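1. how would this look folded up:
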Amino acid sequence: MDIPVTGSFAELWSSQGGQSGFLGQPTSGEVPIKNGGVFQNFQGGTLYWSPSTGPHSVSGDFFRFYGGQGYENGFLGYPTSQEVLIRAGGVFQNYQGGTLYWSPGAGAHSVSGSFRALYGARGYENGVFGYPVSQEVPIRAGGVFQNFQGGTFYWSPSTGAQALQGSILDAYRSTGSEGGKLGYPTSSEFDIAGGKRTNFQGGYIEWSAARGALVNQSIARPVVEAPPTVSQQNAVKKAKSYLDFTSFSRSGLIGQLEYEGFSTADATYGVDHVTVDWYDQAKKKAASYLQFSSFSRQGLIDQLEYEGFTHDQAVYGVNSTGL
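-> Residues are numbered from 1 along each chain as shown. Purely as a prediction, here's the structure:
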């Protein structure tokens, strides 16, 4: 039995090539859904209509992603545009609650709320941030972050949406990101004489080509540290020796050095004067736990946070295991 396609769905279906187009034949009739809307399934996708958005199709990776977020009942609501071809073989599609982006290298991800406004101000996918490569990830104090090809957006209730990139982002991560001494960014990167700067709740990071990224130090004036004390030198050696044999969070390694009898100041000096990627440490720690025991995804995230890793470090570590 032929399934009818009528009204605005018939017009859209016809404009996309009808049964010879990507949608193919209808596989269901119209189905009433929320707010007076309807959908109709086709071989190659689904048509949606609501009184305020009109008819639009959702297909492929976008349809799978849309379904994962609850279809029209999720935060995205109804689609408000068709897919639009953009840079590097990518596409985007607008929805009431955000925009979906897809590219061959990044897959399908949504950008919404304050992040969508910030993304637009940075040139969308044509800017330095490129395509989104993750969804928003909840972190400390009600905040969230989202990764892009060229950097990371952070948001918290008290600081709003800010964009970090390049060496300043690397330096921020080395301090523990939002869980470290700097807290959340209170500005995006901006130009200063001789370089760039980003402000944070707990200070700032400045960058110049000559001096790199400096935490709470101005690129305008060289800062000469006092020579390390014997105890500080020993703390650095001890921190390195521990990292040669096992993985630690920053706070966990400081605590271990304190247990060894170093003062808090010397332990902190020792840990902050070794070259270490705390995200890589979280990855190693997650893998080591799974060698000896079984965890749920959330259970392993909780365990890594208990060990002193920040939430985004813990999520990164667990993601690396494929859990």
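2. what's the neighbour count on Arg140?
-> Summarising burial for Arg140: neighbours were counted as other CB atoms under 10 Å, giving 15. No exception for glycine: its C-beta is placed from N, CA and C like everyone else's.
3. residue contacts, it?
-> Neighbour list for Arg140: 178-179, 310-311 [criterion: CB atoms under 8 Å, 6 or more residues apart in numbering].
4. and those residues as JSON lines, adding secondary structure?
-> Shown next, in JSON lines, are those (DSSP: H, G, I helix; E, B strand; the rest coil):
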{"residue": "Glu178", "secondary structure": "helix"}
{"residue": "Gly179", "secondary structure": "helix"}
{"residue": "Thr310", "secondary structure": "coil"}
{"residue": "His311", "secondary structure": "helix"}
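5. Convert the C-alpha atoms of stretch 207-221 to PDB, please.
-> The C-alpha coordinates for stretch 207-221 follow below in PDB (Å, rounded to 0.1, in the frame of the first residue of the first chain):
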ATOM      1  CA  TRP A 207      52.000  34.800  26.400                       C
ATOM      2  CA  SER A 208      54.800  36.200  24.100                       C
ATOM      3  CA  ALA A 209      56.700  34.500  21.300                       C
ATOM      4  CA  ALA A 210      59.900  35.200  23.200                       C
ATOM      5  CA  ARG A 211      58.900  33.900  26.600                       C
ATOM      6  CA  GLY A 212      56.000  31.600  26.000                       C
ATOM      7  CA  ALA A 213      53.100  31.300  28.400                       C
ATOM      8  CA  LEU A 214      53.700  32.600  32.000                       C
ATOM      9  CA  VAL A 215      51.300  31.900  34.900                       C
ATOM     10  CA  ASN A 216      50.800  35.000  37.100                       C
ATOM     11  CA  GLN A 217      53.900  36.600  35.600                       C
ATOM     12  CA  SER A 218      54.100  39.500  33.200                       C
ATOM     13  CA  ILE A 219      55.800  39.000  29.900                       C
ATOM     14  CA  ALA A 220      56.900  42.600  30.200                       C
ATOM     15  CA  ARG A 221      59.400  42.000  33.000                       C
END
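6. what distance separates it from the middle of the whole chain?
-> 26 Å (CA atoms, centre = their mean, to the nearest Å).
7. Show residues contacting it.
-> With CB under 8 Å, 6+ apart as the test, stretch 207-221 has contacts from 166-168, 170-171, 175, 182, 192-197, 203-206, 222-223.
8. Just the buried positions in it, please.
-> 207-208, 211, 213-215, 218-219 (16 or more other CB atoms under 10 Å).
9. go on, stretch 140-157?
-> By neighbour count with 16+ other CB under 10 Å, stretch 140-157 contains the buried residues 143-148, 150-156.
10. what's the closest non-adjacent residue to Gly255?
-> Leaving aside its sequence neighbours, Gly255 sits nearest to Gly308 (CB to CB, 6 or more residues apart in numbering; 7.4 Å).
11. Helix, strand, or coil at that neighbour?
-> Here Gly308 is recorded as coil under three-state DSSP.
12. re the thing from before, can you list which of the contacts of stretch 207-221 are found in helices?
-> The helices, defined by DSSP state H, take in 166-168, 170-171 from the contacts of stretch 207-221.
13. Export the residues you listed as a markdown table, with columns for pLDDT.
-> Listed next are the ones in helices among the contacts of stretch 207-221 as a markdown table, based on pLDDT from 0 to 100:
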| residue | pLDDT |
| --- | --- |
| Gly166 | 95 |
| Ser167 | 96 |
| Ile168 | 97 |
| Asp170 | 96 |
| Ala171 | 96 |
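14. Of these, just the buried ones, PyMOL syntax please.
-> The buried subset of the ones in helices among the contacts of stretch 207-221, as determined by 16+ other CB under 10 Å, is captured in PyMOL by this line:
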select buried, resi 167+168+171
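15. hang on, the earlier thing: which of the contacts of stretch 207-221 count as buried?
-> For these, buried by 16+ other CB under 10 Å: 167-168, 171, 175, 182, 195-197, 204-206.
16. okay, the residues you listed in a markdown table with distance to Leu323 next?
-> Below are the buried ones among the contacts of stretch 207-221 laid out as a markdown table (distance: CB to CB, whole Å):
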| residue | distance to Leu323 |
| --- | --- |
| Ser167 | 31 |
| Ile168 | 31 |
| Ala171 | 29 |
| Thr175 | 27 |
| Leu182 | 29 |
| Gly195 | 40 |
| Lys196 | 37 |
| Arg197 | 38 |
| Tyr204 | 36 |
| Ile205 | 32 |
| Glu206 | 38 |
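17. Name the nearest of those relative to Leu300.
-> The shortest approach to Leu300 among those belongs to Thr175, at 23.9 Å (CB to CB).
18. That closest one against Pro185, yeah?
-> No. Between Thr175 and Pro185 there is no contact under CB atoms under 8 Å: 11.7 Å.
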